[in-house]
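**Q** One predicted model, sequence on top.
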2 protein chains.
Amino acid sequence: MPFREDFLISAFSVDPVIFGFDKGTLKILLIKRNEDPFQSNWALPGELVFPNEDLDDAPLRVLKEATGLTDVFLEQVQAFGKVDRHPLGRVLTIAYYSLVNIHKVKPPKAAAFAEKVEWIDVDKIRELAFDHSEIVKACLKQLRLNLRIHPIGFELLPEKFTLTELQSLYEAVLQKQLDKRNFRKKILSMGILKDIKEYQKGVAHRPAKLYTFDAEKYELSVKEGFSFEM
Amino acid sequence: MPFREDFLISAFSVDPVIFGFDKGTLKILLIKRNEDPFQSNWALPGELVFPNEDLDDAPLRVLKEATGLTDVFLEQVQAFGKVDRHPLGRVLTIAYYSLVNIHKVKPPKAAAFAEKVEWIDVDKIRELAFDHSEIVKACLKQLRLNLRIHPIGFELLPEKFTLTELQSLYEAVLQKQLDKRNFRKKILSMGILKDIKEYQKGVAHRPAKLYTFDAEKYELSVKEGFSFEM
DNA sequence: GCAAAAGTGTTCTCGGTACACCCATGC
DNA sequence: GCATGGGTGTACCGAGAACACTTTTGC
């Protein structure tokens, strides 16, 4: 019974929610559509998956187009498949979220089907095209969960960062204040940060130590039973 | 650019991993295929999604067919979309896991495309058709994660259960021994079990108290900031 | 010298863990 | 009366939470 013609009139797309972090706020890369449906609405930079393309390669391709980056953190979140979610046909979409260092991203510029591309604060996002608001919500939820149990926050920061930056990232994503001393005690006690003996420069206050994430040490600790939790 | 013909030559399916629990072991409902591809291999009871069917309705339909049950716990897990994952065409599949009371399921019987339907112990499962082994693995991982942070274990038990049954369920899924006193202390202290003043009957030992899961009380506690964790 | 953020320790509380014996029933 | 699983309490330890002052730099 499978593979009758009418099962094949469908397509699938990927919709990546690309997170960036700047000046204490979490942002998402959105496009302003310049074609129907939803012309001049804000939307995720989603695209259809090519017929000969593995599903997981599609968001990487979109990420490359939108940000110029190739080596990014990417995780699948959920499929959205209401019959009428796309006005032009049956399009099932797979949501992904991605974490990028916002300063490495090429300045957003208009693409083929977008008149604008911009980083928007997550809590300033209003209605989006299609079911993209729902998708963003699901990805935010997933990000909040994963930030607490996996060392992924670093993906949003420059390679070298201060503990205060890291803390403010956690505060922005988890939406709550954290105690400075307890935060430092905890993250340092995990032994997954490398003190690189460098300091901030040119700041009008005591310069902070810089750290990098020590992925090797993390992997090693995991093998010995360590499990990250913030 | 979207909606060119060749994007539309594709289909999507759902593959539900249906978990049941009996005599201390976790089981999955599998079918033995009686048609190609993968004739007479074990597989998940997956089906294509109808063109006019919301994605989330499809696994419910399959569940109904396979088990006769309609009111079941169901959660989406992940999309699998390698180009060549299905030998007959481009079929993206969405994996779901479901928790059912194994004793409420009608005795498995052969269906249209299955010569056998059986409950198989999770740790006795060998190679499955398509990428179904990978799907089972992902669903197990998801189940293990969710069992620890959501009160879903009850879905696998009869409505009335003993604390020992509940504990053995946790032990089977999480694959580790738990301390009886600590387990009881913890689960009872959450206040989400209802002591229904009934006891086991006809057992050759001191009869155990029966409990039910108090969903109302759980919802209430959540509103007050309670979060389940085992 | 002042503004601004960096950095640092101790105390208390609570939840997690380890652990062993008596109880109620069927046969 | 014996075999079987049901049911219970206490002590210890470690992690989380609360909390305030000194240090270093630029201007």
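**A** Structure received.
**Q** hey, let's count contacts and neighbours off CA atoms from now on
**A** Noted.
**Q** Close to DNA strand C: what parts of chain A are there?
**A** If contact is defined as Cα under 7 Å from any atom of the strand, the residues of chain A in contact with DNA strand C are A:162-165, A:180-182, A:184, A:204-209.
**Q** Restricting to C-alpha, output the longest helix along chain A in PDB.
**A** Among the elements of chain A assigned as helix by DSSP state H, the one spanning the most residues is helix A:132-149. Extracted as PDB, the C-alpha positions of helix A:132-149 are listed here (Å, rounded to 0.1, in the frame of the first residue of the first chain):
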ATOM      1  CA  HIS A 132       7.600  30.000  13.400                       C
ATOM      2  CA  SER A 133       6.700  31.500  16.800                       C
ATOM      3  CA  GLU A 134       5.800  28.100  18.000                       C
ATOM      4  CA  ILE A 135       9.100  26.700  16.600                       C
ATOM      5  CA  VAL A 136      11.100  29.500  18.400                       C
ATOM      6  CA  LYS A 137       9.300  28.700  21.600                       C
ATOM      7  CA  ALA A 138      10.200  25.000  21.400                       C
ATOM      8  CA  CYS A 139      13.800  25.700  20.600                       C
ATOM      9  CA  LEU A 140      14.100  28.100  23.500                       C
ATOM     10  CA  LYS A 141      12.800  25.500  25.800                       C
ATOM     11  CA  GLN A 142      15.300  22.900  24.400                       C
ATOM     12  CA  LEU A 143      18.100  25.400  24.700                       C
ATOM     13  CA  ARG A 144      17.200  26.200  28.400                       C
ATOM     14  CA  LEU A 145      17.100  22.500  29.200                       C
ATOM     15  CA  ASN A 146      20.400  21.700  27.400                       C
ATOM     16  CA  LEU A 147      22.300  24.600  28.800                       C
ATOM     17  CA  ARG A 148      21.800  23.200  32.200                       C
ATOM     18  CA  ILE A 149      23.000  19.700  31.400                       C
END
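**Q** now check stretch A:91-103, is it near chain B?
**A** Yes: under the criterion of Cα under 8 Å from any Cα of the partner chain, chain B is reached by stretch A:91-103 at A:Ile94.
**Q** hmm, I was thinking of stretch A:221-230
**A** No: judged by Cα under 8 Å from any Cα, stretch A:221-230 makes no contact with chain B; its nearest approach is 13.2 Å.
**Q** Other residues contacting that stretch?
**A** Applying Cα atoms under 8 Å, 6 or more residues apart in numbering or on different chains, the set of residues contacting stretch A:221-230 from outside is A:147-151, A:186-187, A:190.
**Q** Quick one: end-to-end length of it, please.
**A** Start-to-end span of stretch A:221-230 (Cα to Cα, to the nearest Å) is 16 Å.
**Q** and if you look at stretch A:33-48?
**A** When the termini of stretch A:33-48 are compared using Cα to Cα, they are 15 Å apart.
**Q** residue ranges with poor pLDDT in chain A?
**A** Applying pLDDT under 70 to chain A picks out residues A:1-9, A:110-112.
**Q** hmm, try it at 90
**A** Low-confidence regions of chain A, defined by pLDDT under 90, span residues A:1-11, A:34-36, A:51, A:88-89, A:106-115.
**Q** Can you pull the residues of chain A lying near DNA strand D?
**A** Residues of chain A lying close to DNA strand D by Cα under 7 Å from any atom of the strand are A:179-182, A:186, A:201-207, A:229-230.
**Q** sorry, back to before: would you format the contacts of stretch A:221-230 as JSON lines with distance to chain B and neighbour count included?
**A** Written out in JSON lines, the entries for the contacts of stretch A:221-230 read as follows (distance: Cα to the nearest Cα, whole Å; neighbours: other Cα atoms under 10 Å in any protein chain shown):
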{"residue": "A:Leu147", "distance to chain B": "15", "neighbour count": "18"}
{"residue": "A:Arg148", "distance to chain B": "13", "neighbour count": "15"}
{"residue": "A:Ile149", "distance to chain B": "11", "neighbour count": "12"}
{"residue": "A:His150", "distance to chain B": "13", "neighbour count": "13"}
{"residue": "A:Pro151", "distance to chain B": "17", "neighbour count": "17"}
{"residue": "A:Lys186", "distance to chain B": "21", "neighbour count": "12"}
{"residue": "A:Ile187", "distance to chain B": "22", "neighbour count": "17"}
{"residue": "A:Met190", "distance to chain B": "22", "neighbour count": "15"}
